[in-house]
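>>> give me coordinates for this.
(one chain, ligands or ions: 2)
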Amino acid sequence: MASEGKNLIGVDIGSSSIKVCEIREGRRGARTITRFGFHPLPAETIVDGHIINSGAVVEGLEKLFARSKRRNIALRASGHGVIIKKIAMPLMTAAELHEQINWEAEQHIPFDLDEVQVDYEVLHERPDHGQMDVLLVAAKKEEITDLINLAMEARLRPMVVDLDAFTVQNVFEAAYGPAAADQTTVLVHCGASTTTVNILADGTTAFTRDIANGGNGITEEIQRQLGIGREEAESYKCGGEGRGIVPREVPEIVNQAVEQLAGEIQRSLDFYLATSGDRDLSRICLSGGTANIQSFSEILQGRTEVPVEMLDATRVADIDEKAAVELQGRTSQAVVSIGLALRKERERN
Ligand SMILES: Nc1ncnc2c1ncn2[C@@H]1O[C@H](COP(=O)(O)OP(=O)(O)OP(=O)(O)O)[C@@H](O)[C@H]1O
Ligand SMILES: [Mg+2]
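Ligands and ions are numbered 1, 2, ... in the order given. As a prediction, this is how the structure comes out:
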């Protein structure tokens, strides 16, 4: 592992805030989180995965890196304009697959191949069927190029670009070790505008889906029902610090909105169960800022009848004193940046 060089700095540009994480890895693989940085973004900076206010993002990045000499980063791309599919292909060698993959991608992807970057990974070989399962990822080049240019404007050097689903999986595997073959684990990462579901069966991704709902939807429901502004509603949702007493209707409104979100997650799980032949789910691991809502785990568990626990990202590394202060209350929001910070300089994208 040490030959792969230093860890990259993880940079997660989320729709509500930028998160930055640095991990130092010793020669024997012992990891320490040495820095966590957080910069809130104004509303409407990023809408539907598109960066509308790039000035605000560049300014945030410059602030977060003002005192950092290191500039090589691993960057999170939003799932918009990205298609992830598990496909079955005839068994073939790596060289044959390399030849075939674009033709295969054309059959499965509704974009023009010239406009997308295609990546793939063999998940399983099934020699008795003469087949193998391949994970196909296609991302629109334009979206990725825009993101990279923006990071470069802030004088950063993006070396790796990754998606929420896979960075969360990276953290899960580093925290708990490879999943047992007979376990099906559901990773649910719930941010401000998106909830990502990634189902791991036999240790690999069997299903992913982005749901366009998250913490913003809950805040909007409070705004609507109480007739108040966004900032006030947001603060009541998070416990009302600095705003005095939280109106007594708030917990009920939050629970209703969480119920609805849990229903959407349930529909993804139902779809997976109906199409995969898998019979049951072992557990759900929850992360992202919206996972901080106290009732979330309980409501999701009630709805799905699958045990729900918080993904404990602190298991991947020791945390030094300074970083511990910076991470206070934000560990579940930090998960994607931690997953990115696990990536190495000399790793291929
Ligand atoms: N203590 C808390 N209680 C309730 N909600 C919280 C709390 N802390 C953060 N949140 C919510 O979590 C969301 C932000 O989470 P996160 O940082 O994971 O999202 P993001 O990465 O900015 O968004 P996305 O990935 O969807 O673009 C916001 O909706 C915020 O209100
Ligand atoms: Mg996010």
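
>>> and the gap between residue 152 and ligand 2?
With the distance defined as CB to the ion, to the nearest Å, residue 152 ends up 21 Å from ligand 2. For glycine as for every other residue, the C-beta is placed from the backbone atoms N, C-alpha and C.

>>> for the helix or strand hosting that residue, which positions count as buried?
Taking DSSP states H and E as the criterion, residue 152 maps to helix 141-153. Within helix 141-153, the residues that count as buried by 16 or more other CB atoms under 10 Å are 143-144, 147-148, 150-151.

>>> angles on the backbone of residue 293, please.
phi -70, psi 120 (degrees, to the nearest 10).

>>> what residues does the stretch 201-349 of the chain put near ligand 1?
Counting by CB under 6 Å from any ligand atom, the stretch 201-349 of the chain comes close to ligand 1 at 214-216, 234, 237-238, 288-290, 292-293, 333.

>>> mind redoing it with 5 Å?
Counting by CB under 5 Å from any ligand atom, the residues of the stretch 201-349 of the chain close to ligand 1 are 214-215, 238, 288-290, 292-293, 333.

>>> quick one: the nearest residue to residue 310 once chain neighbours are set aside from residue 69, how far?
Leaving aside its chain neighbours, residue 310 sits nearest to residue 286 (5.5 Å; criterion: CB to CB, 6 or more residues apart in numbering). Taking CB to CB, to the nearest Å as the measure, residue 286 falls 36 Å from residue 69.

>>> neighbour count: these two, which is higher?
Neighbour totals were compared for residue 286 and residue 69, and residue 286 leads with 24 against 5 (other CB atoms under 10 Å).

>>> what bridges to that one?
When assigned by DSSP bridges, residue 286 has beta-bridge partners residue 188, residue 310.

>>> in which helix or strand would I find the closest residue to residue 218 other than its chain neighbours?
In this structure, residue 218 finds its nearest non-sequential neighbour in residue 257, 4.2 Å apart by CB to CB, 6+ apart. In this assignment (DSSP H and E), residue 257 forms part of helix 250-276.

>>> for that helix, enumerate the helices and strands it packs against.
Where contact means 3 or more CB pairs under 8 Å, 6 or more residues apart in numbering; DSSP states H and E, helix 250-276 is packed against strand 184-190, strand 195-201, strand 204-211, helix 215-226, helix 230-237, helix 296-304.

>>> not counting sequence-adjacent ones, nearest residue to residue 215?
Per CB to CB, 6+ apart, closest to residue 215 is residue 290, 4.1 Å.

>>> number of residues surrounding the one you found?
Residue 290 has 27 neighbours, counted by other CB under 10 Å.

>>> equivalent analysis for the one 5 residues further on, please.
Other residues within reach of residue 295, judged by other CB under 10 Å, total 13.

>>> so who does it touch?
251, 254-255, 258 (CB atoms under 8 Å, 6 or more residues apart in numbering).

>>> can you add neighbour count, distance to ligand 2 and pLDDT and give those back as CSV?
Listed next are these as CSV, based on neighbours: other CB atoms under 10 Å; distance: CB to the ion, whole Å; pLDDT from 0 to 100:
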residue, neighbour count, distance to ligand 2, pLDDT
251, 15, 24, 96
254, 21, 20, 98
255, 18, 23, 98
258, 24, 18, 98
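
>>> quick check, nearest of those to residue 118?
residue 258 (36.7 Å; CB to CB).

>>> okay, that closest one and residue 137: tell me how far apart.
30 Å.

>>> nearest residue to the middle of this structure?
Residue closest to the average C-alpha location in the chain (CA atoms, centre = their mean): residue 164, at 2.2 Å.

>>> near whatever residue of the stretch 1-150 of the chain ends up closest to ligand 2, how many other residues are there?
Going by CB to the ion, ligand 2 is nearest to residue 14 of the stretch 1-150 of the chain, at 3.5 Å. Residue 14 has 24 neighbouring residues, counting by other CB under 10 Å.

>>> just the strands in the stretch 1-150 of the chain please.
9-13, 17-25, 31-40, 46-47, 50-51, 72-77, 82-90, 116-126, 131-140 (DSSP state E, counting those that start in this stretch).

>>> and the last one, C-alpha only, in PDB?
Once side chains and other backbone atoms are set aside, the C-alpha atoms of strand 131-140 remain, and they are given as PDB (Å, rounded to 0.1, in the frame of the first residue of the first chain):
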ATOM      1  CA  GLN A 131     -21.000 -15.200 -17.900                       C
ATOM      2  CA  MET A 132     -19.700 -12.400 -15.700                       C
ATOM      3  CA  ASP A 133     -21.300  -9.400 -14.000                       C
ATOM      4  CA  VAL A 134     -19.700  -6.100 -14.900                       C
ATOM      5  CA  LEU A 135     -20.400  -2.800 -13.200                       C
ATOM      6  CA  LEU A 136     -20.600  -0.100 -15.900                       C
ATOM      7  CA  VAL A 137     -20.300   3.600 -15.000                       C
ATOM      8  CA  ALA A 138     -20.800   6.300 -17.500                       C
ATOM      9  CA  ALA A 139     -20.400  10.000 -16.600                       C
ATOM     10  CA  LYS A 140     -21.100  13.000 -18.900                       C
END
